[in-house]
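K.L.:
Sequence first, predicted coordinates after that:
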Amino acid sequence: MNGLALAMVLGSGMLHAIWNLLAKRSGSQMAFLWWAQLVAVVVFLPIALLLEWDVFPIGIIPFGYLLISMTLHGAYLVLLAFAYRAGDLSVVYPIVRGTGPVLVPLLGVLVLHDRLSLWNAAGIALITLGIWLIGRGRRSSGAVPGKVIGLALAVGLAITAYTFVDKLAISYGGIPPLTLNAASNVGNWLCLMPFALREGRWAAEGRENKRFWMLGGLFASGGYTLFLYALQLEPVSRLAPMREIGTVFGTLLGIFILKEAHGPDRLIASTLIVLGVIAMAL
């Protein structure tokens, strides 16, 4: 694997885990993510316009890719806010991050004609086992409610969809990464707006957690921009699994920073997911 692509993907995964921690610990996930995306729009949209305005392809197909990407990214963040409202970071995050590595390579094989090796199949099995262990929990009080599992899986499906569409947008639509990321930020902000305003805590969240949602906006958009640039260097079926290396990091943040319960069980399950990711990278 290209060394630069690997470094960008690993950095993207770490930044992703950190901003998810910040979102989970916020007073209102909807309002926090709305403010964070506003930061991303203000910072990254002008940069994209300045650097890539003259290379953006004009046409129905590129604009169609942009519209679909914006919608899928927005749905992802709305679902993520609901998931973190209902469940722990150390439960939601590994399931969310584990769903994509299973589905993206399968779509890559079916649509983009990527190859799925025995290592890929073994990795998918390990990831599936890890997700099952998280959902099963201990036989007594550790079992995770089905609503939380369902929301986390829905978020994972949204990630799968936007990753796949964004790869098509870059490879076949000719859309530059910064422009694609900036458009997704706008879509995120617009989709979150009605939920954040309806909750009524957007003003309080803006005052009380300003430092954190500013960091969240920079980390979320910056991390995904790294991933989009890496997609120009390697196939999506190889890079998407490697990005999930932050799964264990996110689980550890939930256990040690947020003091969430059943830490050993969830750490074992998230480790299985990461081993599956490594197997798929091989």
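P.N.:
Here it is on my side, so go on.

K.L.:
Low-confidence bits of the stretch 51-200 of the chain, can you list those?
P.N.:
The stretch 51-200 of the chain contains residues with pLDDT under 70 at 104, 112, 135-144.

K.L.:
For it, just list every one of the helices.
P.N.:
Ranges of helices in the stretch 51-200 of the chain, per DSSP state H, counting those that start in this stretch, are 60-86, 89-111, 118-136, 146-171, 177-199.

K.L.:
Go through the ones you listed and name the closest to residue 243.
P.N.:
Comparison of the helices of the stretch 51-200 of the chain against residue 243 by C-beta to C-beta identifies helix 89-111 as nearest, at 8.1 Å. In short, each C-beta sits where N, CA and C put it, glycine included.

K.L.:
now the angle between helix 118-136 and that closest one, please.
P.N.:
150 degrees (axes from the mean of the first three to the mean of the last three C-alpha atoms, to 10 degrees).

K.L.:
what's the most buried one of the helices of the stretch 51-200 of the chain?
P.N.:
Most buried of these, by mean neighbour count (mean count of other C-beta atoms under 10 Å): helix 89-111, with a mean of 24.

K.L.:
quick one on the thing from earlier: using TSV, please lay out the helices of the stretch 51-200 of the chain together with distance to residue 249.
P.N.:
What follows is those, written out as TSV (distance: least, C-beta to C-beta, whole Å):
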stretch	distance to residue 249
helix 60-86	17
helix 89-111	9
helix 118-136	15
helix 146-171	17
helix 177-199	22
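
K.L.:
Out of these, which is closest to residue 209?
P.N.:
Ranking those by proximity to residue 209 (C-beta to C-beta) places helix 177-199 first, at 13.0 Å.

K.L.:
between the helices of the stretch 51-200 of the chain, which gets nearest to residue 48?
P.N.:
Among those, helix 177-199 comes nearest to residue 48, with 3.9 Å by C-beta to C-beta.
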